[in-house]
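> structure for the following, please:
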Amino acid sequence: MSADWYFMKKSFFGGSKTVGPIAESDFVKKIQKGEIAPETMVSSTSKTHGHWLHLREIRSAEQYWRKSQSNSNSTKGKGAS
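The predicted structure is shown next:
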């Protein structure tokens, strides 16, 4: 069973709003795209027991973010001549 996730997104006027629930597969895609970063507050009923944590506090998620960022950085210079 996949976890449902929530995250805080900064709004235009400086506040923040809760986004979710989103499926874990969508959560991972948002990490890959950089939409959810280590400082983003996230929550899941099953994974964080409803507690809000920074993504960086969830070791597996933060490691995945690092991996996705290193992959995107290594492909940025390719193809340019």
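> show me where the chain has its strands.
4-10, 16-23, 41-44, 53-54 (DSSP state E).
> now do the helix ranked longest in the chain against strand 4-10, angle only.
When the chain is parsed with DSSP state H, its longest helix is helix 59-76. When axes from the mean of the first three to the mean of the last three Cα atoms, to 10 degrees is applied, the directions of helix 59-76 and strand 4-10 differ by 60 degrees.
> just the buried positions in helix 59-76, please.
Using 16 or more other Cβ atoms under 10 Å as the test for burial, helix 59-76 gives 61-62, 64-65, 68. Backbone N, C-alpha and C define where each C-beta goes, glycine included.
> check which helices and strands that helix is in contact with.
helix 24-33 (3 or more Cβ pairs under 8 Å, 6 or more residues apart in numbering; DSSP states H and E).
> now do the helix it packs on: everything it contacts.
Outside of helix 24-33, the residues within contact range by Cβ atoms under 8 Å, 6 or more residues apart in numbering are 2-5, 7, 22, 36, 42, 55, 61, 64-65, 68.
> how about stretch 5-16?
So stretch 5-16 is contacted by 17-24, 26-27, 30, 36, 40-44, 47, 52 (Cβ under 8 Å, 6+ apart).
> what about it, start to end distance?
In stretch 5-16, first residue to last residue: 16 Å (Cα to Cα, to the nearest Å).
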